[in-house]
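A.B. asks: sequence unknown, structure follows:
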Ligand SMILES: [Zn+2]
């Protein structure tokens with residue numbers, strides 16, 4: 001009987017095969033660990049955020065002079081709550097408060113720089129993907145070109161939020177337009193952008209309210225707590241603005257804190273007697289909306 005000789009080639013194959021199997025096992029382990037981490041992270045952020053409460057304000061109310069309030073050091077004035085659509089066109093004298101976003105050449109309204117940076121940072125961290133922007137601010141000239149090129153799909157001149165720099169058309173590599181919502185990243189952005197003050201401005205099934213076909217890529221900044229409330233209550237921006245009775249002070253409680261908001265058109269407005277900070281924005285319907293952060297959570 002001859003002893004079977006172990007051939008060097010066979011030995012090499014066994015070693016390589018073994019190493020490959022270990023590698024596959026490690027990858028599988030890494031994949032499961034990442035998935036578990038993602039799931040627990042999601043579960044955590046979900047459980048920390050109950051549905052926002054929207055009610056009449058019941059605390060101490062104070063009458064403020066609008067002009068005086070605007071100069072209060074706790075108050076900032078921005079354009080975050082401008083309702084822009086075919087019935088509420090951008091006025092000719094409107095000047096968008098825009099600036100370049102992080103040296104990218106993109107122009108965004110100043111009010112959303114920080115929020116967009118936080119949103120895209122979270123996308124990179126969770127999915128290892130970059131959230132690209134195909135369209136940010138558009139000049140009237142650019143919007144005219146868009147109308148010429150896209151026809152019906154493009155908003156009328158003055159009816160596009162892009163002309164105020166308040167919207168971002170987003171995509172990930174190889175997944176733009178309708179394809180965006182079919183990806184894990186796209187789904188997450190659509191479901192979670194409210195955490196960063198954005199709403200999906202033209203949702204599916206709300207064409208009769210917005211007048212615009214479903215656009216899973218068009219994010220609009222409105223800020224906290226409005227984005228959270230609209231998103232959870234399933235309201236379009238049109239419906240939300242419509243639901244705010246003039247001069248009435250509302251209390252909006254979210255996981256981030258307690259807010260009060262009032263839509264007003266006169267020289268005076270009601271507000272909570274004490275507050276940490278406030279944002280006042282023109283709503284482009286002849287009124288302004290003041291949003292007071294009464295107390296941040298934590
Ligand atoms: Zn858009």
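C.D. replies: Here it is on my side, so go on. Note that the coordinates shown come from a computational prediction; the quantities given were computed from them, not determined experimentally.

A.B. asks: return the residues in contact with the most centrally placed residue in the chain.
C.D. replies: Nearest to the geometric centre of the chain sits residue 198, at 2.1 Å (Cα atoms, centre = their mean). Residues near residue 198 by Cβ atoms under 8 Å, 6 or more residues apart in numbering: 112, 115-116, 119, 168, 219-222, 227. No exception for glycine: its C-beta is placed from N, CA and C like everyone else's.

A.B. asks: same for the helix or strand harbouring residue 270, what does it pack against?
C.D. replies: Element membership for residue 270 (DSSP states H and E) is strand 268-272. Other elements packing on strand 268-272 under the criterion 3 or more Cβ pairs under 8 Å, 6 or more residues apart in numbering; DSSP states H and E are strand 61-65, helix 66-70, strand 249-254, strand 257-264, strand 288-296.

A.B. asks: and the last one, how far out from the chain's middle?
C.D. replies: Computed by Cα atoms, centre = their mean, to the nearest Å, the chain-centroid distance of strand 288-296 equals 18 Å.

A.B. asks: this protein: helices as residue ranges?
C.D. replies: 8-47, 66-70, 113-127, 140-150, 184-192, 207-210, 226-233, 237-243 (DSSP state H).

A.B. asks: pull out the buried positions in the last one.
C.D. replies: Right, helix 237-243. Neighbour-count burial for helix 237-243, counted by 16 or more other Cβ atoms under 10 Å, picks out 237-238, 240-241.

A.B. asks: give me every residue in the stretch 1-150 of the chain lying close to the ion.
C.D. replies: Contacts of the stretch 1-150 of the chain with the ion, taken as Cβ under 5 Å from the ion, are absent.

A.B. asks: which positions in the stretch 151-298 of the chain make contact with the ion?
C.D. replies: Close to the ion, as judged by Cβ under 5 Å from the ion, the stretch 151-298 of the chain has residues 167, 169, 218.

A.B. asks: mind checking pLDDT for residue 8?
C.D. replies: Turning to residue 8, the model gives it a pLDDT of 65.

A.B. asks: repeat that for residue 4.
C.D. replies: On the pLDDT scale, residue 4 gets 56.

A.B. asks: export the helices and strands packed on strand 268-272 to TSV and append columns for mean pLDDT.
C.D. replies: Below are these laid out as TSV (pLDDT from 0 to 100):
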stretch	mean pLDDT
strand 61-65	98
helix 66-70	96
strand 249-254	95
strand 257-264	97
strand 288-296	97
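
A.B. asks: buried deepest among the ones you listed, which one?
C.D. replies: When the helices and strands packed on strand 268-272 are scored by mean count of other Cβ atoms under 10 Å, the highest mean neighbour count falls to strand 257-264 (a mean of 22).
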